[in-house]
Every structure is written in C-alpha cells, then in structure tokens.
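# have a look at this prediction, sequence included:
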Amino acid sequence: MKYNPLGRTGIAVSEICLGTMTWGSQNSEAEAHEQLDYALSRGVNFIDTAELYPTTPLSEETYGDTERLIGSWLKARGSRDRVVLATKVAGPGRPYIRGGAPMTKDGMVAAIEGSLKRLNTDYVDLYQLHWPNRGHYHFRNAWTYSPWEQDREKAEADFVELLETAADLHRQGKIRALGLSNETAWGTMQYLRLAEEKGLPRVASIQNEYNLLYRAYDLDLAELSHHEDIGLLAYSPLAAGLLTGKYLGGARPEGSRLTRNGDLGGRFQPHQEPAVAAYVALAREHGLDPAQMALAFCLTRPFTASVIIGATSMEQLKTDIAAADVTLAPEVMNGIRALHRRFPAPI
C-alpha cells in the first residue's frame, strides 16, 4: 500500500481510503467490523465517514449510525492510533440535522461533539465541511448551477466563521486538520487566502466526486491541487457502482444501491449506458476487472491523495483494495483517453 501526504499537515494516508456510507443500512455492525479489520490488515489506514451517514438511503432514523459502528470497532479493537479518521459536518438542507440550517460556529461545535461521542474518540484527524452553505455544482447540480446568485460578502463571512471555529477545535485537540468537500476552485482559494491572512487553519484536502464518468476535477481544481498542495479525496470512484458494469442492460441486482437509491443520485440515466459499456469492454479486452481498472485510473492522477472505496460485501472490498496493486498499461490509458473524448460528460 502506498501512502500519500495529506496536504501540508504531516499526516500520511493510504492511497485507498475505506468509505463507510452503507454501514447501518446495507451493512450490519458485524459486517462493518469485518471490513475494518480486513482493510487494516491490507495497509489501509484511512477511514472516511460523516455525521450524515448512512446514505443508502438517507434517513432521520439512521442518522449517525455509521459513526456509531466505527466507534464500537474502535472501542473493541483499541486501534485508534493505527488509523487516520475523517468525518464531516453536514451542510444546509437536511431538516433533521440542526433544522436544516447552514453551517455556523454553534452548529459545527455541536456536530463535532456529537461525532466524537458516537466515534468513541477524543479527536478526529480530518474534519471536513460536507458541502458549502452557498450552493455548488456537485450531486448533479451542474445543470442548474448559478454562482451569480451568490453573495460574496456572506460567503466570505461564512468562510471566516468556519475557519475560526476550526482553529478553536484544533486548539482544543478535537481536530488535527480541516478539509473541504463538494467545493469549487474559487471557494477553496478563498479558504486558503483567508487562512493565510488571518493565521487560521490551512485546508488540507478536498473530497469531491471523481471517476471515469465525472472528471470535473481535471481542470481548475487540478491546477489548484498542484500549486497549493491540496490533495483530492476521490469519492464515488465507481460512479455509485455503474463502472462495475452490474447495471448494464437495465439490470438491478437484488440488494444493490440502485434498488435503494432510485437513480443513484442522478447518475443512472440513459447517457451513461454507452459510456459504461465502452469502459467495461476496454477493461475486459485487457483482462482487467472493470472496477479495478476504474479505481486504478483514479490512482494514476497526480492530484489524488486517496481514493475512497465503499463495499457492501467482503468480495467487493477485496476486489477494490486489490486495485492498489494494478498497473494500467499504456494501451489501457490510451483507451481511456479515447473514451473520455467520446463521452466527456455522461453523468
């Protein structure tokens, strides 16, 4: 397993990160613990969760359960010092989380206290802002994204308040580093500028969607990562399972995410089918597992700090972690380039 720096924090994270958003809905406590044990045995030291999880489906009744399952594992194994633990404070819009209010100082303090209690720990290594207060183009929002409706002064006031809160939490020893999620290049640069001007915590990472079907990060954010040492934590590297090929031809395997989450967060629509079929065919042409090819591609990107995998079975988990050992031949990379030109934005 390869380990990469988490920004300029001095923290090293495995290039494969264990995602957890199905734990508590699709996965039981015992299954979550089994996944954690196996991942740790394979050199994975990075675990990502959120107060919002599980998400398959999202539910007020299961809110926080994923953190509780991780917390029970940490208590049972005594492995806190062996893992880099990341969680997130929810942004606005979920009425059962602080009334759906935007992120504020008070909300962030309440959120971290709840997360620490559920996780059975005194601190988290990476605390991430799950999505911006001001809106963003992720979660299939690119088609309705309207940044000209944003209020710059309000956005900057939010940035400062959240950075100051992170500074307080860092001084108290409750977080080691701050990260963003579902953020834009402009938003990230404002956080960096204000942190430098005011002596506040520097953002270490951005957790955004990145996969063969959704490559917005290749442009401005890639430049930002290069110049500012901000690594991508790539979520949905298999496009919610599409890139495994298991949904081709309208298939809906029993117990799969598609049977629980409708359209896979807007990803399951007609434009993706020919692109997925082409990527799956490319993988099989070269004797590769389609999921491993998709994950290995994400690992080739210079801006990637870690790729977040998620699995509902041990078979899936073993396949995904083994992608770290896959090297893509030049012919495969050339094939991916050609398909990207044919299908630049299928989801």
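It's in.

# drop to CA atoms for contacts and neighbour counts, all remaining ones
Fine.

# against R257, how distant is G310?
Distance from G310 to R257, counting by Cα to Cα, to the nearest Å: 11 Å.

# so between those two, which is more surrounded?
Comparing G310 with R257 by neighbour count (other Cα atoms under 10 Å), the higher total belongs to G310, at 25 against 20.

# residue contacts, that one?
For G310, the contact set (Cα atoms under 8 Å, 6 or more residues apart in numbering) comprises 18-22, 317.

# in those residues, find the pair that's most separated.
M21 and L317 (13.6 Å; Cα to Cα).

# neighbour count for those two, which is higher?
More neighbours surround M21 than the other of M21 and L317, with 26 against 17 (other Cα under 10 Å).

# would you mind giving both backbone torsions of the more buried one?
Geometry field for M21 lists phi and psi as phi -70, psi 0, criterion degrees, to the nearest 10.

# ok, and the closest non-adjacent residue to it?
Excluding its sequence neighbours, the residue lying closest to M21 (Cα to Cα, 6 or more residues apart in numbering) is P54, at 4.5 Å.

# cool, and T144?
Distances taken as Cα to Cα, 6+ apart place Y137 nearest to T144, at 7.8 Å, with adjacent residues excluded.

# go on, A142?
Here the residue nearest A142, using Cα to Cα, 6+ apart, is H136, at 7.9 Å.

# number of nearby residues for L180?
Counted with other Cα under 10 Å, L180 comes out at 26.

# and it, what helix or strand is that in?
Assigned by DSSP states H and E, L180 belongs to strand 175-181.

# that strand: which residues count as buried?
Judged by neighbour count (16 or more other Cα atoms under 10 Å), strand 175-181 contains these buried residues: 175-181.

# report how many residues lie close to Y210.
23.

# wait, doesn't it sit right on A234?
Yes. When contacts are counted by Cα atoms under 8 Å, Y210 is listed as touching A234 (5.3 Å).

# can you list residues touching both of these two?
Any residue near both Y210 and A234 by Cα under 8 Å, 6+ apart counts here, and that gives C298.

# so the residue nearest to A142, which state does it fall into?
Judged by DSSP: H, G, I helix; E, B strand; the rest coil, the three-state class of H136 is coil.

# residues in contact with it?
Listed by Cα under 8 Å, 6+ apart, the contact set of H136 reads 142, 145, 147, 182-184.

# mind giving me the ChimeraX select for those residues, buried ones only?
When burial is assessed using 16+ other Cα under 10 Å, the buried subset of the contacts of H136 is captured in ChimeraX by this command:
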select :182,183,184
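
# and the contacts of H136, which two are furthest apart?
Among the contacts of H136, P147 and N182 lie farthest apart (Cα to Cα), at 14.3 Å.

# how about the residue nearest to the spatial centre of the chain: what's its closest non-neighbour residue?
The centroid of the chain falls nearest to Y235 when counting by Cα atoms, centre = their mean (3.5 Å). By the measure of Cα to Cα, 6+ apart, the closest residue to Y235 outside its immediate chain neighbours is E209, 4.7 Å from it.

# what are the ranges of the helices in the chain?
Counting by DSSP state H, the chain forms helices over residues 29-41, 65-77, 105-119, 152-171, 185-198, 220-228, 272-285, 290-300, 314-321, 330-342, given from the N-terminal end onward.

# those into JSON lines, with extra columns for distance to N261 and mean pLDDT?
As requested, the helices of the chain are arranged in JSON lines below (distance: least, Cα to Cα, whole Å; pLDDT from 0 to 100):
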{"stretch": "helix 29-41", "distance to N261": "20", "mean pLDDT": "98"}
{"stretch": "helix 65-77", "distance to N261": "17", "mean pLDDT": "98"}
{"stretch": "helix 105-119", "distance to N261": "25", "mean pLDDT": "98"}
{"stretch": "helix 152-171", "distance to N261": "31", "mean pLDDT": "98"}
{"stretch": "helix 185-198", "distance to N261": "29", "mean pLDDT": "98"}
{"stretch": "helix 220-228", "distance to N261": "29", "mean pLDDT": "98"}
{"stretch": "helix 272-285", "distance to N261": "17", "mean pLDDT": "97"}
{"stretch": "helix 290-300", "distance to N261": "20", "mean pLDDT": "98"}
{"stretch": "helix 314-321", "distance to N261": "19", "mean pLDDT": "98"}
{"stretch": "helix 330-342", "distance to N261": "27", "mean pLDDT": "98"}
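
# just those helices: most buried one?
Across those, averaging neighbours per residue (mean count of other Cα atoms under 10 Å) puts helix 290-300 on top, at a mean of 23.

# what angle separates that helix from helix 272-285?
Using axes from the mean of the first three to the mean of the last three Cα atoms, to 10 degrees, the inter-axis angle of helix 290-300 relative to helix 272-285 is 90 degrees.
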